[in-house]
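*Asks:* Got a sequence here, can you build the structure:
(2 chains)
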Amino acid sequence: MTPSLQDNPLISQWLVLHSNGTVTAFTGKSELGQGVATALAQIVATELGVPLDRVRMQAPSTDRSPNEGFTAGSLSIQHSGTALQSAARAARHLLVQEAGARGVDPLAVMGELDLDIPVSSVEVPGDSQAPPGAIGLSVPRRDLDAKILGEPAFIHDVRLPGMRFCRVIRPPYRGAQLVDQPDPSGLPGDTAVIRDGSFVAVVASLERHAIAASALVADRCRWVGEPPALDDEQVTAFLLSAPTDDTVLAEGTGRDAELPADSAALTARYTRPFVAHASIGTACAIALWTADHLEVWSHTQGVYPLRKDIARALGIDAERVTVHHVEGSGCYGHNPADDVAYDAALAARHLPGVPVQVTWSREDELSWSPMAPAMCVDISTTTDSSGQIMSWRWDGYGNGHSSRPATLPTPSLLAYASQADGQPIPPSQDPPLAAGQGTGRNALPAYDIPDVHAVAHRLTTMPVRASAMRSLGAYTNVFAIESHIDDLAHAYGIDPVEYRLRHLSDARSRRVIEVVAELAGWGDAAGENNGRGIGFARYKNTGAWCAVIADVEAVDQVAVKHLWIAVDCGRVVNPDGVRNQIEGGAIQSASWTLMEQVTFAAGAVTSSDWESYPIMRFPSVPAVTTTIVSAPDEPWLGSGEAASGPTAAALGNALRDALGVRVRALPLSAENIVAAMTEE
Amino acid sequence: MEEPYSLEVDNQTIVGTAEPGTALLWLLREHGRTGTRFGCGAGLCGACTVWIDGTPAHSCDTPIWSAQGRTVTTVEGLTAAGPHPVQRALIEHQAGQCGYCLTGIVMRAAALVDEYGSSLQESQVREALEGHLCRCGAHPRMIAAILQAASERP
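*Replies:* Below you'll find the model as predicted:
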C-alpha cells in the first residue's frame, strides 16, 4: 500500500462527491509547475468514470488535505496518484453498488454515499477495470493559461484586505549578530521597523516603500561576528577534511588482491561545486495572526512539515497554525519557500490582524537559499583482460542533501537562526537508503558488477547551508559513474554503448539505451570539434529509466547542440507532461553542467545576481528530442528528476569525444577544461 | 521627495505621488497590473517586460519619470481584446512549466511577431529572447510556439 494511503486511510480524506455530479479531490502534493494537479485529476476522473472537467483539485492545506509529507523525490504520481486511484476506484464501486440496489443512475446517488470508511475496507472485484478515460492522454495543464494570459497566478499576486508588504534585512554572513536597533526615523510612507534579536524587517502599506526602506535600514544596521571560513578554492579540500558520519551502502568483498595479474585498475576523483536553485521569481509568503491563530500562505513543498517547524520555532502548538499552498515560481527542491513563510510569520506576529506579505530580493534569493551541496566522489575499479568490471568502489563526500523543515533536531527555517531565542540551523542529513539516500543516491551502479563497495561520507559541519535540489546526489554520482564507465570503454577500445550493454542484463535498462542510440543514430561521425556522448541511469535505482545522447561543439567553450532522450517511466498518465518534465530537467542539467557554480568570499556568497550566477539562455539552449519508451502495463514512476544525471554524463562524455580530454571537475567550463588538459 | 505622477497605462491614466526614481514595475503592480512580474530589479531576467511606446522595456529599471508622457502597455492591456496570437500558440504548445517568466516573454515575443510576421526566423527569436531567463527549461517549446504564431501572420 502506498504510504500516502497508510497515513490517510479514509476515502473522504481524498474525495468528496457532490450531488451535482462534480468531485473535489484532495492531495498533499503541491503544484510546482510540474503539472501534478492536472495528472492527479486525470487519475481521479478515469477511476471514477466521470468527465475530467467535473473533477476539481484542491490545493494542499493543513485544514483539510491528506498529509503526504513533501512534494519531492519524483514520487507524487507514485504516492498521491496511487492513493487517489485506490480511493476513486473504491468510491466508484460503492456508487455502482448503491445505484444498482436502488435501480437508479450512479449520478443520482453521488452526494449520498458515506465515504468516511477506509479505502481498504472496500473490496473491488479484480475484473472491475476502469473504463477508458483521461489517463494516458496529453490533456492541457490546468494552471498554465492564467500564467500565459497574465492573470493573478502566483502568491506574489495575492492581495488580502489590509495587507502590508514586508522586506527582511539579512546579515552580511551566517551567524552575524545585530548590534542595536537600527534608527527607524525618516523612512518612506508608513514604514515600521520590526526587530526580533538579529531578525530585522520593514513593513509598509506600499511595496515600493518597503523596498526603499529596506535599503535605508540595511545601511543603518551594525553587525558583529566571525564569518564562516570558506572560499571557492577551499571547497574540495574542505569536503575531504571535515568530520563525517559514514554510511556503508554496499559491502564489497575486499578481495581485489586476489584478482588475476592481468586485471587493471582505474581510480579517479569527480567534483561538483555548490549550485543554486535560481528560480526566476523570488520567494514569497503571506502570514496573518489573529487572537490565537496563525494562518500562512506559502509555495512550500510540504504544508504539514512547514506547519510543524513554524510551530516549533515559535514555541506554539501546531494546531494553532494553518498553512495553505499557493503557487510560486519554479521549484526544484528545498528553496527558500519555507524560509520566507517563517519570515512572514515572525513579522506578522508584531501586527495582529494584519496580513503581511514578504518577498525576497534577487540578491537574497541567490545567496541565502539552501544550496545543492558540493560533492567529491572517488571511484576505483578493477577490470579483467576483456574489460569486464570485476570490482567497484565508491566514496562520496559532502554535506547531507536535506535540511527540510521538521526533519532536523531543531527548526531549519532561516530566520529561526536570527530570532532572539533561536538556534543555528543544524547540519543537513541524508534521507534513509529506503527513501533513496542523498549523498549516496544512485551511488550503486546499475551495471552487473560482482563486487561493489560504497560508503557515503556525510559531513557533520555545514559552513554553507545545504539541502535538496533536483535529483540530490544522483546528479553527481551518475556523472561520475558514467564518466568512469566511458573511460573504461575507451581503455579497452569498446564502443561506449556496447560496453554498457555488456554490463546490463536488466531488460528495461537495455531498452532505453538501445532506443536512444537508434534515435540519435549512434555511430555516425561527429565531425571536427564536435563530440557525442551517452549517459544512462535508473533514477534512485528504483524509479524511471533514462538514457541521453548529447552532441556538443567545443571551440572556445562547450556548446550543446542536441540532446536525444529515451525515458521509461512505466504507465504514463500525461505523455506531454512527461515530455515537458524530461526536456526541462535535461536543459536545466545542461545549464548546471556547463556553467553553474556558487562563489564565495569571506564566508559570504558572491554569486548574487544573474551576471555573477549566469544560467543557460535562449541562444545556447539545445534542441531536445524525447521518446517515451512504452510500458503501459507497468506501474507509473515519476519523471521530474530522471534526466538530470544522464544529461550531465552525456555532456561530459561528448566533451571527451570532441577534445580527447576527460574533465572530472564540474562545471565543464573553459577554466576546468584547461585545468584537465594541463593535468593530462 | 514624492512628487505627483501621471502615467498612461493600457489606455487609462493612473495618477498618484511617488519618488520620481521609483521603478515603473512597482507602480504597475500597485495599480493592479500584477501580470508584470518582479524577477531581479536590475533588468537582467526579462520577467518585468512591458511595452513603452510599443517597444519592449524592463519595467523594473525604468524610473517613472522616464515613462511620463509615454504609452505603457502591460500584459493585461495586450490581452484586453482577447489573447494575442503568441499567447494562443504558447497555450497550444503547453510552452511553460512554472510560468513565472512567461508574461515577460509574451510581451517580447508579441512585439517580435507583430514586427516580422511570417519572415521571423528561429535565430531572431533566440537572439530577441536572450535577455529573458527561464529556469524550468521550457525554451524549445516557447521558440516553437512563437515561430508558429509568426508563421500564421500574413
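
*Asks:* beta partners for the spatially closest residue to A:G254 that is not a sequence neighbour?
*Replies:* Sequence neighbours aside, A:H453 is the residue nearest to A:G254 in space, at 7.2 Å (criterion: Cβ to Cβ, 6 or more residues apart in numbering or on different chains). Using the backbone N, CA and C atoms, a C-beta is placed for each residue, glycine as well. Beta-bridge pairing of A:H453 under DSSP bridges involves A:R393.

*Asks:* now the one 4 residues further on
*Replies:* With DSSP bridges as the criterion, the beta-bridge partners of A:H457 are A:D246, A:Y397.

*Asks:* just checking, it touches A:D246?
*Replies:* Yes - A:H457 is within contact range of A:D246, at 5.4 Å (criterion: Cβ atoms under 8 Å).

*Asks:* So the two - more neighbours on which side?
*Replies:* A:H457 (21 against 11; other Cβ atoms under 10 Å in any protein chain shown).

*Asks:* list the contacts for the more buried one?
*Replies:* A:H457 makes contacts with A:244-246, A:395-398, A:439, as judged by Cβ atoms under 8 Å, 6 or more residues apart in numbering or on different chains.

*Asks:* By residue count, what's the longest helix in chain B?
*Replies:* Criterion DSSP state H: the longest helix present in chain B is helix B:102-116.

*Asks:* So which residues make contact with the next helix or strand after it?
*Replies:* Using DSSP states H and E, the helix or strand that follows helix B:102-116 towards the C-terminus is helix B:122-128. The contact list for helix B:122-128, computed with Cβ under 8 Å, 6+ apart, reads A:618-619, A:621, B:108-109, B:112, B:116, B:143, B:146-147.

*Asks:* and if you look at stretch A:596-615?
*Replies:* A:172-174, A:227-232, A:273-276, A:278, A:362-363, A:366-368, A:371, A:463-464, A:591, A:595, A:666-667, A:669, B:40, B:42, B:44-45, B:133, B:135.

*Asks:* check contacts around residue 150.
*Replies:* Reading this off chain A. Shown in contact with A:G150 (Cβ under 8 Å, 6+ apart): B:35-36, B:74-76, B:78-79, B:103, B:106.

*Asks:* my bad, the chain I had in mind was chain B
*Replies:* By Cβ under 8 Å, 6+ apart, the residues touching B:A150 are B:112-113, B:116-120.

*Asks:* and A:F536, what are its bridge partners?
*Replies:* Beta bridges link A:F536 to A:A547, judged by DSSP bridges.

*Asks:* Next one, pLDDT for it please.
*Replies:* As summarised for this prediction, A:F536 has a pLDDT of 98.

*Asks:* ok, now A:M163?
*Replies:* Looking at A:M163, its pLDDT is 98.

*Asks:* on that earlier part again, buried ones among the contacts of B:A150?
*Replies:* Of the members of the contacts of B:A150, the ones counted as buried by neighbours, 16 or more other Cβ atoms under 10 Å in any protein chain shown, are B:112-113, B:120.

*Asks:* so where's chain B shaky on pLDDT?
*Replies:* For chain B, no stretch has pLDDT under 70.

*Asks:* picking up where we left off before, wait, the residue nearest to A:G254 touches A:E251, no?
*Replies:* Yes - the pair A:H453 and A:E251 qualifies as a contact (Cβ under 8 Å) at a distance of 6.5 Å.

*Asks:* These two: which is more packed in?
*Replies:* Legend: neighbour count by other Cβ under 10 Å for A:H453 and A:E251, higher for A:H453 (18 against 11).

*Asks:* contacting residues for the more buried one?
*Replies:* Neighbour list for A:H453: A:248, A:250-252, A:254, A:391-394 [criterion: Cβ under 8 Å, 6+ apart].

*Asks:* Farthest pair within these?
*Replies:* Taking Cβ to Cβ as the measure, those reach their widest spread between A:V248 and A:S391, a distance of 15.5 Å.

*Asks:* Tell me where the stretch 551-680 of chain A has strands.
*Replies:* When secondary structure is read from DSSP state E, counting those that start in this stretch, the stretch 551-680 of chain A shows strands at A:558-568, A:600-601, A:604-605, A:623-628.

*Asks:* circling back: kindly reformat the contacts of A:H453 as a markdown table containing distance to A:V217 and pLDDT.
*Replies:* Below are the contacts of A:H453 laid out as a markdown table (distance: Cβ to Cβ, whole Å; pLDDT from 0 to 100):
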| residue | distance to A:V217 | pLDDT |
| --- | --- | --- |
| A:V248 | 51 | 97 |
| A:A250 | 53 | 96 |
| A:E251 | 56 | 95 |
| A:G252 | 57 | 92 |
| A:G254 | 60 | 81 |
| A:S391 | 60 | 96 |
| A:W392 | 55 | 97 |
| A:R393 | 54 | 97 |
| A:W394 | 49 | 98 |
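
*Asks:* Check those residues for burial and list the buried ones.
*Replies:* Among those, those classed as buried by 16+ other Cβ under 10 Å are A:250, A:252, A:391-394.

*Asks:* Which of those sits closest to A:V515?
*Replies:* A:W392 (25.9 Å).

*Asks:* isn't that closest one right next to A:A446, touching?
*Replies:* No - if you go by Cβ under 8 Å, A:W392 and A:A446 don't touch, sitting 11.4 Å apart.

*Asks:* Find me the pLDDT at the spatially closest residue to A:S385 that is not a sequence neighbour, would you?
*Replies:* Closest residue in space to A:S385, ignoring its immediate chain neighbours: A:D262 at 4.4 Å, by Cβ to Cβ, 6+ apart. Per-residue pLDDT puts A:D262 at 85.

*Asks:* residues near A:D262, how many?
*Replies:* Using other Cβ under 10 Å, the number of residues around A:D262 comes to 9.

*Asks:* Likewise for A:R142?
*Replies:* A:R142 has 18 neighbours, counted by other Cβ under 10 Å.

*Asks:* who are the neighbours in contact with the nearest residue to it once chain neighbours are set aside?
*Replies:* Excluding the flanking residues, the one nearest A:R142 by Cβ to Cβ, 6+ apart is A:T38, at 4.9 Å. Applying Cβ under 8 Å, 6+ apart, we find A:T38 in contact with A:139-143, A:574, A:577.

*Asks:* does A:T38 sit in a helix or strand, and which one?
*Replies:* A:T38 belongs to helix A:36-48 when assigned by DSSP H and E.

*Asks:* which is the next helix or strand following that helix?
*Replies:* Per DSSP H and E, the first helix or strand lying C-terminal to helix A:36-48 is strand A:55-58.

*Asks:* Report all helices and strands that that next one contacts.
*Replies:* Judged by 3 or more Cβ pairs under 8 Å, 6 or more residues apart in numbering or on different chains; DSSP states H and E, strand A:55-58 is in contact with strand A:23-26, helix A:36-48.

*Asks:* ranges for the helices of the stretch 101-250 of chain A?
*Replies:* In the stretch 101-250 of chain A, the helices defined using DSSP state H, counting those that start in this stretch lie at A:144-149, A:207-220, A:235-241.

*Asks:* which other helices and strands contact the second one?
*Replies:* Meaning helix A:207-220. On a contact count with 3+ Cβ pairs under 8 Å, 6+ apart, helix A:207-220 meets strand A:164-169, strand A:199-204, helix B:24-30.

*Asks:* mind checking how far that helix is from the chain centre?
*Replies:* Its chain's C-alpha centre and that of helix A:207-220 lie 33 Å apart, by Cα atoms, centre = their mean, to the nearest Å.

*Asks:* cool, the shortest one as well?
*Replies:* Put simply, helix A:144-149 sits 23 Å off its chain's centre (Cα atoms, centre = their mean).
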